[in-house]
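J.: with the input below, show me the fold.
(chains A and B)
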Amino acid sequence: MTKVSMTVNGRTVSGEAEGRTLLVQFLREGLGLTGTHVGCDTSQCGACVVHVNGQMVKSCTVFAQDVAGADVRTIEGMANADGSLSVLQQAFQDHHGLQCGYCTPGMVMSAAALLKDNPKPTEVEVRHHLEGNICRCTGYHNIVKAVLAASGQDVSKIAAE
Amino acid sequence: MPKDGGIGASTKRREDVRFLTGKGRYTDDINIRGQLYAHFIRSQVAHGTIRKIDTRDAEAMPGVVKVFTSADFTGVGGIPTGWQVTSRDGQPMLEPKHPVLAEGKVRHVGDPIAVVVAETLEQARDAAEAVEIDIDELPAVMDMKAAIQGGPLVHDEIGSNLCYDWGFVEENKAAVDEAFRNAAHVTTLELVNNRLVANPMEPRVAVGDYEDHSGQHTLYTTSQNPHVIRLLMGAFVLSIPEHKLRVVAPDVGGGFGSKIYHYAEEAFVTKAAQILKRPVKWTSSRSEAFMSDAQGRDHVTRVELALDADHNFTALRCETYANMGAYLSTFAPCIPTWLHGTLLAGNYKTPLVYTNVKAVFTNTVPVDAYRGAGRPEATFQLERVIDKAARELGVSPVELRRKNFIQPDQFPYQTPVAVVYDTGNYQATLDKLLELSDHAGFEARAAESKARGKLRGFGLAHYIEACGIAPSNLVGQLGARAGLYESATVRVNATGSITVFTGSHSHGQGHETTFAQVISEMIGIDASQVEIVHGDTSNTPMGMGTYGSRSLAVGGSAMVKATNKIINKAKKIAAHLMEASEADIELKDGKFTVAGTDKEKSWVDITLAAYVPHNYPLESMEPGLEETAFYDPSNFTYPAGAYGCEVEVDPETGKVTICSFTAADDFGNVVNPMIVEGQVHGGLAQGIGQAMLENCVFDENGQLLSGSFMDYAMPRADDVPFYSVDHSCATPCTHNPLGVKGCGEAGAIGSPPAVVNAVIDALHRGGFTHVTHIDMPVSPSRVWQAMQG
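T.: Numbers count the residues shown, from 1 in each chain, chains lettered A, B, ... in the order given. Have a look, this model is predicted:
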């Protein structure tokens, strides 16, 4: 066990980690930040996406020790300072971009990374970017719509709500 | 209408805020002080005899508390089956024991053999490597026909791999055969309904806790129906009476059927917690989920359609081999029978139907209901054979269907397969589909595709489904070992807010929002004053949970029934307070008035009076305002619809691209259109996934080849288009108070045949007229090979 420190959602935190402890385990079990989820064991589903130093990362593929000192952001750190939903989170609610909620944290983190690099993505770009995040509930329709809406684009022409 | 939405409003979901901020509380988020971690050691071979399990080295490893084998579960029952099917010869199905941990033999890859329980998960996993297991591998039986023609026995003690041989409607068999002899045309199709893995994004988790001084067990589990788990596990497996067993299913991350069943891991952690006197937690990995969650579909079918000279359907005859896997999962026997055979009339007037279903044991993961459950299999064979018939006869698949539809004035309609459809209008959904999909413009789009070297095709499929399976006294006769009612307790609090305890369970469906909308509409108070509680057997009345698109139709009806009792009592209180006749009391917008007067009492006046009964008819009525109702439906509900798919096939590669998908559904009345449409979107993606991508494959030795998301192709955002969905052609259900039918499974039922019909249409338009069928998934290699002839 080694003591690992990092900044998570703006707070300096530290905890014990084995060499094999994954970042997602460190967040969930070490820090109690259970918003980041584990949906697979092959880095395919994206439920565990967080931001490390501003880059989206599948936290099931990173050892906690390897991100010591990094600036990590999770779904728990995505709301506005006053606790209200951010534009992207609000768009997910407004457009019913979630059902069971399990893939949602990873979807939001992944979509946030896209919008940071590409503030006005096309539908094709959104779909391509989210290819590493699996959702079993929504059929992606309302997720794509929510991301486009969060980027300020008019989604009223998209078939059905 | 209340300001934040009653019935019919696309109210935003109240659940979303916690999920969007990482505050959801799923089972894996639950950690109990002092808990131990369980790691299951599962069979790596599909079939074998266990010679030796040596746990000594493992038990000596750091942190290991105990290694369990079947020897620790000798006083425990097997995992029960909830449905008894009777064979054609009158014999009950064969029902082999399904032990919690393998006893003597392993029967599929993933069959649990031993469990290491340790202080940490890492210690449990490390020690699992040191458990020595010696298995003599036996030949695996994988092919269903081989299995019942002398193949190796999955269960030696029952002497056969044929679970049952079911005929329906057996009395019609001779008449069906006669109709085929007299037919002007017969279309025959052999097809496979591919095995699928449900794959809700949250893997299963179970946490067992035990209180030694009281003998109280608590199981936290990822379940769609905690009361069912309590009953099955308590009564049949562990002999724990209900009052000593609490089952909690908190936020659950999707189910799609796979979280209906009682699983061995639930019984394990419950029992292990009692033995070790410490909480025990198990979290499935995705790899484990692929070999331990009950899977779906896996039918091999021959279907024949008889038509007369005027192209009227005169009979349908089917023979299906249905894979049960190695053990009978909780509701497995009823899926290929009562949820399949009863849907074979579809939207059509076909007067005679006969189906024979042989359920077979193989050395594969158990199969049970997966979104649609029997109904997608029925719809696929029916809608594929109709399309093939149209092609053989040289008539339009659209018009052949239209000609054979049950007409709007024929409802209620008695089908030849037992069920009575209450309402429907299939022409209307077809017309709506053709309008929304711009069918008139199809030829122009096909020409444009052709100019780009692509083959465009249109596929149509109609579906009917039976939701809210009921009534209990009927399904009891059909073999169900459970009642199929639902329950609700409506507790009005003293200051007027309401807490509803429902037996339904939400794992993505949004009941916390929609159920509150219904109450809001009925009483006229703001939906924010209504809280919906579900998922805990300690505070909800005995209910059957959520499956089969039943929650609003059955659970919602129970809630309406309880709320009506509340309103009736509230009116009595209002009549007393206003010194009026009860018959003159009206409730509107949260106010009680006396007809023809200006007397008025608010909702809160009444609720306060009920709990502070100073001026109250105590001699004739109890104080308080809380009612419970159980609702047992008199019939199924019958959602139906028309689905249209346009595809482009690349003739160079066989790759299929979905250009558009349109769904015109009849769900009866709709409480929250936004949520209903979301349900359809999700179902469509799963149906498109089945048709285009997903396939669970075992090799001839029973090894699972598609055991991860690397190998099993889940639909992803770039595999699907925006869908066009509509539910305006509504014919409300006639026998439940809300007139609702259920929308959860429709998308997954209607879409696979629409996709495959579109691919066949594209190939025919491209001159590949020899292609009459391609089995799902219609992968590029399968399409390309079919094109090569």
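J.: so where's chain B shaky on pLDDT?
T.: B:1-4 (pLDDT under 70).
J.: okay, the residue of chain B found nearest chain A and residue A:4: tell me how far apart.
T.: Nearest residue of chain B to chain A: residue B:22, at 1.9 Å (C-beta to the nearest C-beta). For every residue, glycine as well, the C-beta is placed using N, CA and C. As for residue B:22, its distance to residue A:4 is 21 Å (criterion: C-beta to C-beta, to the nearest Å).
J.: check residue B:691 too.
T.: Residue B:691 is 46 Å from residue A:4, by C-beta to C-beta.
J.: just the pLDDT for the residue of chain A found nearest chain B.
T.: Closest approach between chain A and chain B, counting by C-beta to the nearest C-beta: residue A:35, at 1.9 Å. Residue A:35 carries a pLDDT score of 98 in this model.
J.: that one contacts residue A:76, doesn't it?
T.: Yes. Using C-beta atoms under 8 Å, residue A:35 is in contact with residue A:76, at 4.9 Å.
J.: find residues that contact each of those two.
T.: Jointly contacting residue A:35 and residue A:76 under the rule C-beta atoms under 8 Å, 6 or more residues apart in numbering or on different chains are B:21-23.
J.: what about the residue of chain B closest to chain A, which helix or strand?
T.: Using DSSP states H and E, residue B:22 sits in no helix or strand.
J.: what residue, apart from its backbone neighbours, is nearest it spatially?
T.: Excluding the flanking residues, the one nearest residue B:22 by C-beta to C-beta, 6 or more residues apart in numbering or on different chains is residue A:35, at 1.9 Å.
J.: same thing with residue B:576?
T.: residue B:617 (4.9 Å).
J.: report the buried residues of stretch B:560-570.
T.: The neighbour-count check on stretch B:560-570 (16 or more other C-beta atoms under 10 Å in any protein chain shown) flags B:560-563, B:565-567, B:569-570 as buried.
J.: so what's the gap between that stretch and the chain middle?
T.: Here the centre of stretch B:560-570 is set off from its chain's centre by 31 Å, with C-alpha atoms, centre = their mean, to the nearest Å.
J.: so what touches it?
T.: B:488-490, B:492, B:518-519, B:522-523, B:587, B:592, B:603, B:606-607, B:610, B:621, B:625-629, B:631, B:737-738.
J.: which of those residues are buried?
T.: B:488-490, B:492, B:518-519, B:522-523, B:587, B:592, B:603, B:606-607, B:610, B:625-627, B:629, B:631, B:737-738.
J.: which helix or strand contains the most centrally placed residue in chain A?
T.: What sits nearest the mean C-alpha location of chain A, by C-alpha atoms, centre = their mean, is residue A:109, with 2.3 Å. Following DSSP H and E, one finds residue A:109 within helix A:104-117.
J.: elements contacting whichever helix or strand comes after that helix?
T.: Downstream of helix A:104-117, the next assigned helix or strand under DSSP H and E is helix A:123-129. Packing partners of helix A:123-129 (3 or more C-beta pairs under 8 Å, 6 or more residues apart in numbering or on different chains; DSSP states H and E): helix A:104-117, helix A:141-150.
J.: and helix A:123-129, what's buried?
T.: Neighbour-count burial for helix A:123-129, counted by 16+ other C-beta under 10 Å, picks out A:123, A:126-127, A:129.
J.: residue B:107 and residue B:45 touch, don't they?
T.: No. Between residue B:107 and residue B:45 there is no contact under C-beta under 8 Å: 9.9 Å.
J.: so for these two, which residue has more residues nearby?
T.: residue B:107 (29 against 19; other C-beta atoms under 10 Å in any protein chain shown).
J.: test my guess that residue A:134 contacts residue A:39.
T.: Yes. Residue A:134 lies in contact with residue A:39 (C-beta under 8 Å); the separation is 7.0 Å.
J.: neighbour count: the two, which is higher?
T.: For residue A:134 versus residue A:39, the count of surrounding residues by other C-beta under 10 Å is larger for residue A:39: 27 against 23.
J.: look up how far residue B:28 lies from that one.
T.: Residue A:39 sits 11 Å away from residue B:28, going by C-beta to C-beta.
J.: tell me the domain ranges of chain B?
T.: B:16-23+B:485-631, B:35-138+B:201-254+B:259-292, B:299-469+B:635-788 (automatic domain parsing).
J.: repeat that for chain A.
T.: Domain ranges of chain A: A:2-77, A:87-150, per automatic domain parsing.
J.: ok, residue 59 - contacts?
T.: Picking chain A for this. Shown in contact with residue A:59 (C-beta under 8 Å, 6+ apart): A:22-24, A:27, A:36, A:48-50, A:52.
J.: oops, wrong one, chain B.
T.: B:66-67, B:127.
J.: how about residue B:145, phi and psi?
T.: With angles defined as degrees, to the nearest 10, residue B:145 sits at phi -70, psi -40.
J.: that one: neighbour count?
T.: Close neighbours of residue B:145, defined as other C-beta under 10 Å, add up to 11.
J.: if we can go back for a sec, out of the contacts of residue B:59, list just those in helices.
T.: residue B:127 (DSSP state H).
J.: out of the contacts of residue B:59, who's nearest residue B:277?
T.: Comparing the contacts of residue B:59 against residue B:277 with C-beta to C-beta picks out residue B:66 as the nearest, at 11.5 Å.
J.: skipping its backbone neighbours, what lies nearest the closest one in space?
T.: The shortest distance from residue B:66 to any non-neighbouring residue, by C-beta to C-beta, 6+ apart, is to residue B:117 (5.3 Å).
J.: quick revisit: of residue B:691 and residue A:4, which one has the most company?
T.: residue B:691 (29 against 21).
J.: whichever strand or helix holds that one vs helix A:141-150, what angle?
T.: Assigned by DSSP H and E, residue B:691 belongs to helix B:673-692. Angle of helix B:673-692 versus helix A:141-150, following axes from the mean of the first three to the mean of the last three C-alpha atoms, to 10 degrees, is 120 degrees.
J.: and residue B:256, how many residues sit next to it?
T.: Using other C-beta under 10 Å, residue B:256 has 31 other residues around it.
J.: ok, now which ones touch it?
T.: By C-beta under 8 Å, 6+ apart, the contact list for residue B:256 reads A:136, B:198-200, B:370-371, B:686.
J.: what about residue B:345, neighbour count?
T.: Neighbour tally, residue B:345, other C-beta under 10 Å: 26.
J.: same question for residue B:82.
T.: 23.
J.: got it, and residue B:484?
T.: Residue B:484: 21 neighbours (other C-beta under 10 Å).
J.: touching, it and residue B:473? I think so.
T.: No. Look at residue B:484 against residue B:473 with C-beta under 8 Å: they stay out of range, at 9.9 Å.
J.: I'd like the helices and strands packed on helix A:123-129 as a markdown table, with mean pLDDT appended.
T.: Formatted as a markdown table, the helices and strands packed on helix A:123-129 follow (pLDDT from 0 to 100):
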| stretch | mean pLDDT |
| --- | --- |
| helix A:104-117 | 98 |
| helix A:141-150 | 98 |
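J.: just name the most buried of these.
T.: helix A:141-150 (a mean of 27; mean count of other C-beta atoms under 10 Å in any protein chain shown).
J.: can you list contacts of it?
T.: A:87-88, A:90-92, A:94-98, A:107, A:111, A:114-115, A:121, A:123, A:126-127, A:130, A:135, A:155, A:158, A:160-161, B:678, B:681, B:717, B:720, B:722-723.
J.: just the angle for it relative to helix A:104-117, thanks.
T.: Per the same axes, to 10 degrees, the angle that helix A:141-150 makes with helix A:104-117 is 40 degrees.
J.: OK, contacts around residue B:304?
T.: B:180, B:186-189, B:316-318, B:385.
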